[in-house]
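Undergrad: Need a 3D model of the following:
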Amino acid sequence: MGTPDFSVPALNKLIKKHEIIAVVTQPDKRKGRGKAMAFPPVKKVALEHGIRVYQPPKVRDEEFIGILKELAPDVIVVVAFGQILPEQILNLPRYGCINIHASLLPRYRGAAPIQWAVINGEKETGVTTMFMAKGLDTGDMIDKVVVPLDEKETGESLHDKLSEAGGELILKTLDKLEAGTAVRIPQNDSESSYAGMLTKDLGRIDWSRSARTIERLIRGLNSWPSAYTELQGKTIKIWDADVVEELPRTGGDGTAAADPENAGPGTILLVTRQNFYVKTGDQLLKVNEVQLQGKKRMSVQSFLLGYKLVEGMEFTR
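TA: Numbers count the residues shown, from 1 in each chain. As a prediction, this is how the structure comes out:
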């Protein structure tokens, strides 16, 4: 049971080693400007391998539960499926329903553990396999793998690392289940934290916060929903930036920097040929890559060829 790209590596690994009697995924959705119907990524892989696909709008419907009972699976592997499973399904397989969760539980239970690990400045995260239970990511754990975060890790790059790690880990977990050596490790609820669902509003930059906090937000929300701000009534997404303590004395064209002492957070202090520097609540943010409303993502150097930025301009907070 899985739906998005994150689920695909696990399915590919399972196909090579186990008999997949069926794949369950979310219904097709309309996407793009033409609103054409699009298959979930997991469905595409399943069909390529001739595997039966079920797409129930609600897995708790009695008709679908009846289908699962007829299939009589030994185990159900669940990874980013997108629906809550009722107890009738949780108790159905011989070895249970095993979830691949993208964090080191009990930390980061919830919908967006990958992005929040970046936003919160974690040095490492990982993947946990666990027996599914009624609560939100509260089931007994089986295996874990630790994945370190790079200095410039983004939500997107960490997503790819963890999806691959989950694909490897589930094979190890299923071997233990089959051999009867899997150990159930209860979670310590006092150590838990919640990774709430991402919203577009989360990406609005508050320039009164520290440059380090803003820089982590930019990386964590890359590639969705992205961090953004406004300048002269236009939305600008910021895709890449660095934290700096001091301004260069002049811009690349010899322009003098604005006075940081008298400027408020969100003020552009210096514009060079390749970057611009913004004052924050603590330290400075050197912006390297942006996307103007209605335009493509581009380097600041390319952006400045068509858009005039000058010292003293202020981003909306």
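
Undergrad: From the structure, what's the count of residues near Leu202?
TA: 17 (other C-beta atoms under 10 Å). To be clear about C-beta, it is placed using only N, CA and C from the backbone, and glycine gets the same treatment.

Undergrad: For it, grab phi and psi.
TA: phi -60, psi -30 (degrees, to the nearest 10).

Undergrad: who are the neighbours in contact with the closest residue to Gly110 other than its chain neighbours?
TA: Among residues not flanking Gly110 along the chain, Ala195 sits closest, at 4.0 Å (C-beta to C-beta, 6 or more residues apart in numbering). Taking C-beta atoms under 8 Å, 6 or more residues apart in numbering, we find Ala195 in contact with Ser103, Tyr108, Arg109, Gly110, Ala111, Ala112, Pro113, Gln115, Trp116, Ala117.

Undergrad: longest strand in the protein, by residue count?
TA: The single longest strand within the chain, with elements called by DSSP state E, is strand 234-244.

Undergrad: Show me where the stretch 201-317 of the chain has its helices.
TA: Listed in chain order, the helices of the stretch 201-317 of the chain (DSSP state H, counting those that start in this stretch) span 211-220, 300-306.

Undergrad: Does the first one pack against any helices or strands, and if so which?
TA: If you count contacts as 3 or more C-beta pairs under 8 Å, 6 or more residues apart in numbering; DSSP states H and E, helix 211-220 packs onto helix 113-119, strand 227-231, strand 234-244, strand 284-292.

Undergrad: Leu90 contacts Ile98, doesn't it?
TA: No. Look at Leu90 against Ile98 with C-beta atoms under 8 Å: they stay out of range, at 10.7 Å.

Undergrad: how many other residues sit next to Thr272?
TA: Thr272 - counted by other C-beta under 10 Å - has 19 other residues nearby.

Undergrad: Okay, His101 and Ala46: tell me how far apart.
TA: Shown here: His101 relative to Ala46, a distance of 22 Å by C-beta to C-beta, to the nearest Å.

Undergrad: swap in Tyr108?
TA: 28 Å.
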